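In: Sequence plus predicted model, see below.
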Amino acid sequence: MNTGQMALTIAAFMLLGIVMMNFRSLNFENEEVLDTNEYTQKAIAIGRSLIEEIQEKPFDAVLNTKKIVKLEDLTACGPGSWESYPDNFNDMDDFHRQVFTSPELGDSLTTATPQCLRGTWGYTVRCDVRYVQDSNPTVSSYSRTWSKLVTLVITNEFSDEPVTMSYLATH
């Protein structure tokens, strides 16, 4: 093998090494995108499940005892001191300021863990329920209205992007 052939062989191996490194780099980027998509899809599933649970609750606790309700009869957002998840939540605004987290590995499940978070790890759901203007449901209202906006922010330890989901309930 002469010097020219040796130089071509070395150049070929260098080119092969560069191609392999670029391929490996692209492969890692694709895996990261796939993982992020998986975390996002799971967060969406958790959010949808929790919103369905919230939708099953009455608009306001006063509707559990009265058939005809005036605006001033509506209760403030948030659970009462006697209410705890899941047994005593009797209306949708009891979820206001609730924070639900996935159980840590090895922890035993409690009734305070929503069904949608069981079997997951690293997820946190922050709930916000507020009265909003009937004519513009993106603007919070300082007084009670016939519209409540439920907002869930779902985060995961492995993803930088939170998933935010909202549900507008009107009565």
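Out: It's in. Numbers count the residues shown, from 1 in each chain.

In: Identify the residue nearest the geometric centre of this protein.
Out: For the chain, Ile154 is the residue whose C-alpha lies nearest the centre (Cα atoms, centre = their mean; 2.3 Å).

In: Please identify which helix or strand holds that residue.
Out: Per DSSP states H and E: Ile154 is located in strand 147-156.

In: which parts of the helix or strand just after that strand are buried?
Out: Following strand 147-156 in sequence order, the next helix or strand is strand 159-170 (DSSP H and E). Neighbour counts using 16 or more other Cβ atoms under 10 Å place Ser159, Val163, Met165, Tyr167, Ala169 of strand 159-170 among the buried residues. For glycine as for every other residue, the C-beta is placed from the backbone atoms N, C-alpha and C.

In: and the last one, how far is that from Asp134?
Out: For Ala169, the distance to Asp134 equals 12 Å [Cβ to Cβ, to the nearest Å].

In: Overlap of the contact sets of those two?
Out: Both Ala169 and Asp134 are contacted by Ser147, under the criterion Cβ atoms under 8 Å, 6 or more residues apart in numbering.

In: Point out where this structure drops to low pLDDT.
Out: Low-confidence segments of the chain, defined by pLDDT under 70: 1, 13, 16, 19-34.
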